[in-house]
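Enquirer: Quick one: sequence and predicted model below, then my questions.
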Protein chains: 4
Amino acid sequence: GEENSTAPSLGEEELDQLMAVADKAKLKAYSPYSNYRVGAALLASSGATYGGCNVENSSYGLTICAERTALFKAASSGERSFKGIVVTSDHSDEFIYPCGACRQVLSEFGNMDVYMMQPSGRIRRTTLEALIPFSFSKKILDDAEKQRLEETE
Amino acid sequence: GEENSTAPSLGEEELDQLMAVADKAKLKAYSPYSNYRVGAALLASSGATYGGCNVENSSYGLTICAERTALFKAASSGERSFKGIVVTSDHSDEFIYPCGACRQVLSEFGNMDVYMMQPSGRIRRTTLEALIPFSFSKKILDDAEKQRLEETE
Amino acid sequence: GEENSTAPSLGEEELDQLMAVADKAKLKAYSPYSNYRVGAALLASSGATYGGCNVENSSYGLTICAERTALFKAASSGERSFKGIVVTSDHSDEFIYPCGACRQVLSEFGNMDVYMMQPSGRIRRTTLEALIPFSFSKKILDDAEKQRLEETE
Amino acid sequence: GEENSTAPSLGEEELDQLMAVADKAKLKAYSPYSNYRVGAALLASSGATYGGCNVENSSYGLTICAERTALFKAASSGERSFKGIVVTSDHSDEFIYPCGACRQVLSEFGNMDVYMMQPSGRIRRTTLEALIPFSFSKKILDDAEKQRLEETE
Ligand SMILES: [Zn+2]
Ligand SMILES: [Zn+2]
Ligand SMILES: [Zn+2]
Ligand SMILES: [Zn+2]
């Protein structure tokens, strides 16, 4: 199943607040190319909440997703550990999961709960580890550097 | 488990060839910032093979991974369907899995076998679907566009 | 020369404040891979100021620069027009200019002043238009779409 | 003016060949989201030519442009120095200039001629240095690393 019992679950109140922040963040989306608005809300271990939306660019490849906007906001406020994220769109029939790039950027800071929310408020829960198993991480680069230094000694 | 029995397995000969291409592609890596060389080889359904390496940039965010180099090469040759990819690095103790961005870019074109190879030739197999479950896809954007057009009629 | 007289200049007080915000934002940088900290501060036409730092990723290509962090913060707060940006690093001998990706993302929202600041507080001014002449823009995609629709009628 | 006399100009025959390669590369574009096809052709100092097209992704931010596809192809073939690039689209009324991300990625390998071509074959020439003045480069990171090491000794 997609649920991972080792991840911390958010409390009901925390989740309600995150859902409200994600809903509101969606309204700020800059999406003239896709016409597709996405909102996200990220809860840091500090207890602070960070909203984000997609910000598109005429050079499509420089577009950023809602989840990463929220993460960059939080990281640039000094946050380095997170409890959960809520993602929502205007799409009423689908649970929108984070794209692979967002999964990777979030996983830089460890595991967390991931909630997909439909406009109606219907939600589904999973964990980041379930969405990006065997993730490429800082540990791998550190190990490789150590190995490289040992071999060149 | 990480193995997905519905994915097509490569034949032994195909896999041997891919491993050789990935190994050779690694030698072309442009990685002056990470000093970390990665090679990849992608087998298209057409039977053609495309090698790739990481190409880094002084603005780290414009760096591209080996897997995506191989995919962009193949896609710009007209390929739109793939059987498998092999990824390798100089890291002898680890199986290096594709990052989230590469998983997303590969999944644009459907499922495929994914092989992680150590320099010794030791390999591990999984599938793209196992590495990026519930992937964000073209179908979702198409459905949303349809919904949006219906609502604005 | 690099100065463009048509761009609005910031007032001395505005610039002093931006410089302080950029300096402080730099301290939050997450840069374990490059060991290179960058800070930015963006002044919106609304008068609000947004700080940003670089946030790196083990997959280098998912790293974001300080300037874009500040822009994504501002855009996700609803800002769509900007007066200027200050960029700074720990590099005492160089004026660090924004990378091409940041120039492109900033230019989505029009021209603005761009200030490069050394740790000593020494600054240099230019404009975004001077840094990314003939920029690829929304207007081009809009025109192309119009042309495409006319041709398929 | 946009022309930079210090850059090497391509010969007429070289340019004709590049234009043909760019035109043909455009036909392979994977652009289901923008419906905007772009082709590029890159001439390496070795004399070899590399074509590229845009390859889009449902997560817009993972889209790659034609110019970078060509560059990644070339770099992964071992090329590290370039004479010029031609960029073309289906847009008959505009000269399409490279986006900021492509300017940055190309500039990693030094200056080169940049040609914008309309479908009719009409072209305009400039140089990479003119399109990304004061570019952020490897030299800056190297200098900063040197400074950092001196200060921590
Ligand atoms: Zn995303
Ligand atoms: Zn990757
Ligand atoms: Zn940048
Ligand atoms: Zn581009």
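Expert: Here it is on my side, so go on. Ligands and ions are numbered 1, 2, ... in the order given.
Enquirer: What's the nearest residue in chain A when you look at ligand 2?
Expert: Proximity of chain A to ligand 2 (CB to the ion) peaks at A:Phe136, 6.9 Å away. For glycine as for every other residue, the C-beta is placed from the backbone atoms N, C-alpha and C.
Enquirer: and that residue, which of the three is it?
Expert: When classified by DSSP: H, G, I helix; E, B strand; the rest coil, A:Phe136 comes out as coil.
Enquirer: For chain A, just list every one of the strands.
Expert: All strands of chain A, identified by DSSP state E, fall at A:38-44, A:49-53, A:82-89, A:113-117, A:123-127.
Enquirer: possible to save those as a markdown table with distance to ligand 2?
Expert: Formatted as a markdown table, these follow (distance: least, CB to the ion, whole Å):
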| stretch | distance to ligand 2 |
| --- | --- |
| strand A:38-44 | 22 |
| strand A:49-53 | 23 |
| strand A:82-89 | 21 |
| strand A:113-117 | 20 |
| strand A:123-127 | 21 |
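Enquirer: highest average neighbour count across these?
Expert: strand A:38-44 (a mean of 28; mean count of other CB atoms under 10 Å in any protein chain shown).
Enquirer: chain center to that one: distance?
Expert: 7 Å (CA atoms, centre = their mean, to the nearest Å).
Enquirer: what's the angle between that strand and strand A:49-53?
Expert: Angle of strand A:38-44 versus strand A:49-53, following axes from the mean of the first three to the mean of the last three CA atoms, to 10 degrees, is 160 degrees.
Enquirer: Run the angle between strand A:38-44 and strand A:82-89 for me.
Expert: Going by the same axes, to 10 degrees, strand A:38-44 makes 170 degrees with strand A:82-89.
Enquirer: Could you check the pLDDT of the residue positioned nearest the centre of chain A?
Expert: Nearest to the geometric centre of chain A sits A:Glu67, at 4.2 Å (CA atoms, centre = their mean). On pLDDT, A:Glu67 comes in at 98.
Enquirer: Skipping its backbone neighbours, what lies nearest it in space?
Expert: Of all residues not flanking A:Glu67 in the chain, A:Cys102 sits nearest, at 4.0 Å (CB to CB, 6 or more residues apart in numbering or on different chains).
Enquirer: Ok, A:Val38 next?
Expert: The shortest distance from A:Val38 to any non-neighbouring residue, by CB to CB, 6+ apart, is to A:Ala66 (4.1 Å).
Enquirer: right, and the one you found touches A:Asp23 too?
Expert: No - with contact defined as CB atoms under 8 Å, A:Ala66 does not count as touching A:Asp23 (11.5 Å).
Enquirer: Between those two, which is the more surrounded one?
Expert: Taking other CB atoms under 10 Å in any protein chain shown, A:Ala66 and A:Asp23 do not tie; A:Ala66 has more neighbours (34 against 17).
Enquirer: which residues touch that one?
Expert: A:Ala22, A:Ala25, A:Lys26, A:Ala29, A:Val38, A:Gly39, A:Ala40, A:Gly52, A:Cys53, A:Asn54, A:Val87 (CB atoms under 8 Å, 6 or more residues apart in numbering or on different chains).
Enquirer: distance of the closest residue to A:Glu14 other than its chain neighbours from D:Ala20?
Expert: Once flanking residues are discounted, A:Glu14 sits nearest to A:Leu43: 6.2 Å by CB to CB, 6+ apart. A:Leu43 sits at a distance of 55 Å from D:Ala20 (criterion: CB to CB, to the nearest Å).
Enquirer: about what we covered before: for the contacts of A:Ala66, could you give me JSON lines that also reports pLDDT?
Expert: Below are the contacts of A:Ala66 laid out as JSON lines (pLDDT from 0 to 100):
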{"residue": "A:Ala22", "pLDDT": "98"}
{"residue": "A:Ala25", "pLDDT": "98"}
{"residue": "A:Lys26", "pLDDT": "98"}
{"residue": "A:Ala29", "pLDDT": "98"}
{"residue": "A:Val38", "pLDDT": "98"}
{"residue": "A:Gly39", "pLDDT": "98"}
{"residue": "A:Ala40", "pLDDT": "98"}
{"residue": "A:Gly52", "pLDDT": "98"}
{"residue": "A:Cys53", "pLDDT": "98"}
{"residue": "A:Asn54", "pLDDT": "98"}
{"residue": "A:Val87", "pLDDT": "98"}
